[in-house]
Every structure is written in C-alpha cells, then in structure tokens.
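A.B. asks: sequence first, then the predicted structure:
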Amino acid sequence: MRKKSITMRWVTNNLAIIVLILMGVVLAVGSSIQAYYYGSARQIMEARAGSFVNAVNSHDSRQQKAFSDFILSQVEEFPDSGKMELAVLDKDMKVFCSSRGFEYQNSYLLPSYDETQIQESAVYRGRTINNEHYMALTVRFQNGGEEFFGVRLTTSLEEIDFHVGSIIMMVAALGVVVIFLVSYSGYYFTKSIVIPVGQVNATARKIAMGDYSTRLEAKTQDEIGELCETINYMAEELGRSEKMKNEFISSVSHELRTPLTAIRGWAETIADSPGDDKFTRERGIKVILSETARLGAMVEELLDFSRLQSGQFSFIMEKLDILAEIEETVMMFGERARRQGVELDLEEPEYISPVMGDRNRLKQVFVNVLDNALKYTDKGGRIVVSAGEKDGGAIINIIDDGCGIAAEDIPKVKTKFFKGTGARRGSGIGLAVVDEIVKKHGGVFEIASVLGEGTTVSIILPVASAKV
C-alpha cells in the first residue's frame, strides 16, 4: 500500500475543509451585502414612489389644474431624476410620461404586469437589451381615475453590483490570505512533527537491529520531546537488559561448566582408579552427587524463570502454618551453616495467624533467600531468621552480617539477570523469582543493606484472616 504522509493528509483533510468553510463565508457575506444594498435601493424607491402616489391620491378634482397636467407637473418636479427614472403608466400599462422626457425612449423593458397581480406594489429585477441590470418598482394609484394606473420607478443596479463585487473580491482576497497563512502555518506545524517522527522512526529501526547506543535529541518540551526521551529511555533499558542477559548467559555457562567439569573429572578418576580404591570411589561419588544436585537446583531455577516469563507459574493456594515452613527451611540449612562456620538462629513467636499460599512456592522463597544469606556471609558470621505479625501481615526477616550490597545495586538486585558488584556464584535470577512469587501472594519483598555491614531481607505476607 502506498504510504500517505501526514502533510498530505493534513492538506486533503483540514485544508480542504478550511477552503470550503471560507468559500461558504465569502458566498454568505456576498449574498448578505447584496441583499442589504438591494434592500436599501428598494426602500429609497418605495419612499419616492410613496411620496409621488400620496400627492396624486390627494389631488382634488375641483382644483383648476387638470389631473393629467397635475401629474405632468409632479413628474417634472421629481427630485431624483438623475438617480432613477419615474414613469406614469396609463390603464393600458403604457408610459404616459417620464422624468427623462415626454417621449419615452428608454432601454428598460416593461414587464407585462397584470392588474390582478399588482395589489398595491410590485418589484421587478431584470436586464435591459444592453444587459444592464436594473430594478423597477410599480405602485398603483388609489385616485388614478379612469385614465391612470400607477407610477413606475426604475434605477440601474450596475453601480451597486460593482460595489458589492468589490466588497466580495476584498473578502475573497482576505480568504486567500487566510488560506495562505493557514497553509504556511499548517505546513510548518506538520513539518515540525514529520521530521522528528522520521528521526524517531530511524532511531527505532536502529534499536530494533540491536544498536542500543543510538540516542535522540529532545529539541522541544512537548509530546515529541517526551517521545524522544521515552525512546532514549527504552534504548537504555534494552541495552542494560541485553548486557545483563549476556552476563547471565556467561554466568550460567560458567556455573554449569564448573559442576560438569567436576563430575567429568571425578568420573574419569573413578574409571581409572583400581577396583579396590574404595576411598577414591566414595569420595568421587559424593562429589558427583553434590554437583549433580547443584546442577539440578540451577536447572529448576531456570525452569521457574522460564515459567515466570511465559506466565505459566502455577500456584496451589491453601491455608498453611508459615512458622512450620520457616522452621523446616532453617533446619534444612543448619548443617550447611555449621560447615561454613556461620551461626544460624531462629527467633519465632508462639503463634502467627495462618497464611493463604502455595506451600512449595513459599518454601522456594525462604530457600532462595537463606541460600543467598549463607552465600554472602563469611565464616564467623551470623544469620538471624525472625517472624512476627503486625497490621494483618506475617513478617519474616532474614538478617545477616555478611558483605552487604552496594547502595547503587539495591534497586536492581530483584531485576532478572542482575549480578551486583562482588557477586558470587549463582545465575542472577533467584531474587527475581522470589519477588514474583511474593507479589503473586499479595505480599511485599523488601531488601535493605549496608555495604560491608550486612543485609536485611523482609517478606510480608497477608494472613488468612485479613484476606478478602
């Protein structure tokens, strides 16, 4: 399909409407002005005809001057003979006399008036044989006797038409100026949109092809400028995500390579060792089982992340004793803590209201957080797990005095693929999974830390009695 630019759409839509509106305005103004001037001319003619008719109607037959002589004298004294022609019509609708001479030699055409069509007066507009536009007004006499019918005033409309035409031309010229200004303004406005949109389009294509370093210059403080800033932010976030993904792939590859190397090395050692070397065989099997378990945990974490991304993370909600799940998790990590020389303590109240949740998923949350705490707590350190209830929520805190997290990394540690400064083994997606699980339970997952002093992780879950 052929692309239609914004400029052409504006011209074909908005400008066409503006032109039609202005044409309508010009026609309406022209018609109104013409009606006004024609109406004024008619009023003047009606006033003159009325004065003449009143003089004729008031003639007294007992006066010495005959009626016809009286009419002739009135016609001769007509004051506006230079502007309009006054003619007296007889009963046969012929001119008896005219203000322009007794011998009627005028180019104005007399319409065929029928007495039944003229009650008091009638107006006629037409053109002469020379195509001159004129207006004629005929008014009946009330006291015309048997000889006279009425009076007819005729005036040329050429001067009025010229004047009206001049005004219409001026209005039309003003309309053309308005169209030009609107066109120029619209062209400038559309260009101010089209050019930046074109730049945004080109930049978006570069970003789509993987060039996340490209940026747009926000030249205006409007929606276009805001769009440029949004595109820049999107590129920055995509670049950061791409970097984190690459680091994640590298980290996962390294994490997978280490246990695989250990498994392969010990498998080869066992295969090459004498059959009676029980110590080497048992030690190798323990290492293989340990590394296999480690690989299995990593694969499960990756599978959980995949389900999280695809929206297939399933939950089986039930009312459960959260203290029992915490105790079980602490017991699970007790042996590992002793091996690492880390003190692991549990501080719990006598009772916490039950929580509606998925037992396995919440256990996964506690396992991931405790695993992280042990991972970043050195020998001689201490980890405290405490639980309580406040404002309708069960609060679980895991506090360690390990290496802590840099202040600039705290907002990012729950982001997928992120591995902060000084990160130790791991895929970098565990806390992202934890955060999502807690959110699905309607809870809050918070991390507070001071670099070199330790970290406090808080998990807040609504208790069953507080859930709607």
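C.D. replies: Cool, the structure landed.
A.B. asks: would you map out the domains in this structure?
C.D. replies: Structural domains assigned to the chain are 6-163, 223-310, 318-466, following automatic domain parsing.
A.B. asks: now mean pLDDT too, for those domains, in JSON lines please.
C.D. replies: Below are these laid out as JSON lines (pLDDT from 0 to 100):
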{"stretch": "domain 6-163", "mean pLDDT": "77"}
{"stretch": "domain 223-310", "mean pLDDT": "76"}
{"stretch": "domain 318-466", "mean pLDDT": "84"}
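A.B. asks: tell me which residues touch Val367, please.
C.D. replies: Thr329, Met332, Phe333 (C-beta atoms under 8 Å, 6 or more residues apart in numbering). C-beta here means a position set from N, CA and C on the backbone, and glycine is covered the same way.
A.B. asks: filter these down to the buried ones, ChimeraX style.
C.D. replies: The ChimeraX selection below is limited to those of the contacts of Val367 classed as buried (16 or more other C-beta atoms under 10 Å):
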select :329,333
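A.B. asks: tabulate the contacts of Val367 in a markdown table, adding columns for secondary structure and distance to Arg281.
C.D. replies: A markdown table is the format used below for those (DSSP: H, G, I helix; E, B strand; the rest coil; distance: C-beta to C-beta, whole Å):
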| residue | secondary structure | distance to Arg281 |
| --- | --- | --- |
| Thr329 | helix | 33 |
| Met332 | helix | 28 |
| Phe333 | helix | 29 |
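A.B. asks: just name the closest of the contacts of Val367 to Asn368, please.
C.D. replies: The shortest approach to Asn368 among these belongs to Thr329, at 10.0 Å (C-beta to C-beta).
A.B. asks: I figured the closest one hits Lys363, correct?
C.D. replies: Yes. Using C-beta atoms under 8 Å, Thr329 makes contact with Lys363 at a distance of 6.3 Å.
A.B. asks: partner residues bridging Ser458?
C.D. replies: Asn397, Glu446 (DSSP bridges).
A.B. asks: ok, it touching Gly443?
C.D. replies: No. Counting by C-beta under 8 Å, Ser458 does not reach Gly443; the two are 10.0 Å apart.
A.B. asks: who's more crowded, the two?
C.D. replies: Set Ser458 next to Gly443 and count neighbours by other C-beta atoms under 10 Å: Gly443 wins out with 23 against 17.
A.B. asks: could you find the closest non-adjacent residue to the more buried one?
C.D. replies: Spatially, and ignoring its direct neighbours in sequence, Gly443 is nearest to Leu461 (4.2 Å; C-beta to C-beta, 6 or more residues apart in numbering).
A.B. asks: spit out the contact partners of that neighbour.
C.D. replies: Leu461 neighbours (C-beta under 8 Å, 6+ apart): Ile322, Val355, Gly357, Leu362, Gly393, Ala394, Ile396, Val438, His441, Gly442, Gly443.
A.B. asks: and the next helix or strand past the host helix or strand of the fourth one?
C.D. replies: By that I understand Leu362. Assigned by DSSP states H and E, Leu362 belongs to helix 359-375. Per DSSP H and E, the first helix or strand lying C-terminal to helix 359-375 is strand 382-390.
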